[in-house]
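Student: This is a predicted model, with the sequence first.
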Amino acid sequence: NVGIGTTSPVQKLEVIGTESAADTTGSAADGMIRILGSGASSRVIDFGTANPTSWIQSRDKNDYSVNYALSLNPNGGNVGIGTTSPGAKLHVEETGSTVALNVTNTGTGNTVWIGDVAGDTSPFLIDASGNVGIGTASPQEKLHFGSGNIKFNTNTPTITTNDGGLALNASATNNGVVLY
């Protein structure tokens with residue numbers, strides 16, 4: 001076993017250093033491990049710990065305010081958080097009573113955007129103001145549907161919109177209500 005900062009490592013490689021949060025400015029040492037290529041690039045991946053978290057940051061070694069993308073499995077494969085057998089590209093699993101996924105937006109862009117690579121006009125998104133859009137990229141209300149019908153299942157009404165109105169179709173014989 002190899003130890004850095006310790007004379008009694010218990011793993012193949014064990015590094016002990018000073019705990020520190022990831023700095024967002026400057027370039028002073030704040031991590032415990034740094035990976036840097038041998039070329040002229042100033043891109044690094046730093047690893048550290050700061051009670052109560054551990055962190056990984058891809059950034060510029062000379063200016064910590066410059067951050068870079070960090071890819072996990074860029075050639076394919078699944079990523080699991082809370083699971084050792086992820087069943088999707090990103091699989092988040094929580095077996096306790098805490099929230100499994102918390103997405104927070106402190107900026108002005110969309111908070112959640114689910115689309116597809118074809119770039120069609122049928123995304124699902126939650127924008128920065130909390131408006132939900134289905135079939136529209138610019139929701140104007142708390143729930144905004146793009147064009148098309150809303151169908152609950154084959155035994156219950158469908159809701160259709162046309163000419164600014166709303167039609168509730170109660171059955172196949174169209175015994176419903178039309179609101180304008």
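Tutor: Arrived safely, thanks for sending. Since this is a predicted model, take the numbers as computed values, not measurements. Numbers count the residues shown, from 1 in each chain.
Student: make it CA atoms for all contacts and neighbour counts henceforth
Tutor: OK.
Student: show me the contacts for the residue nearest the centre of the chain.
Tutor: The structure's the chain has its C-alpha centroid closest to residue 103; by Cα atoms, centre = their mean the separation is 6.6 Å. By Cα atoms under 8 Å, 6 or more residues apart in numbering, the residues touching residue 103 are 111, 112.
Student: Low-confidence bits of the protein, can you list those?
Tutor: For the chain, applying pLDDT under 70 flags the ranges 116-122, 149, 151-180.
Student: Assign residue 44 to helix, strand or coil.
Tutor: Using DSSP: H, G, I helix; E, B strand; the rest coil, the structure places residue 44 in strand.
Student: buried stuff in stretch 10-30?
Tutor: For stretch 10-30, burial by neighbour count (16 or more other Cα atoms under 10 Å) applies to 20, 22, 30.
Student: ok, so of these, who is nearest residue 108?
Tutor: Nearest to residue 108 among those, counting by Cα to Cα, is residue 22 at 23.9 Å.
Student: Which residue, other than its chain neighbours, is closest to that closest one?
Tutor: Spatial nearest neighbour of residue 22, excluding adjacent residues (Cα to Cα, 6 or more residues apart in numbering): residue 30 at 6.3 Å.
Student: re earlier: quick one: mark the members of the buried residues of stretch 10-30 that sit in helices.
Tutor: With helices defined by DSSP state H, no entry of these lies inside them.
Student: between those, which is closest to residue 144?
Tutor: Residue 144 lies nearest to residue 22 out of those, by Cα to Cα, at 39.4 Å.
Student: give the contact list for the closest one.
Tutor: With contact set as Cα under 8 Å, 6+ apart, residue 22 has these partners: 30, 31, 48, 55, 57.
Student: Check the gap between the fourth one and residue 111 for me.
Tutor: Applying Cα to Cα, to the nearest Å, one obtains 23 Å for the distance of residue 55 from residue 111.
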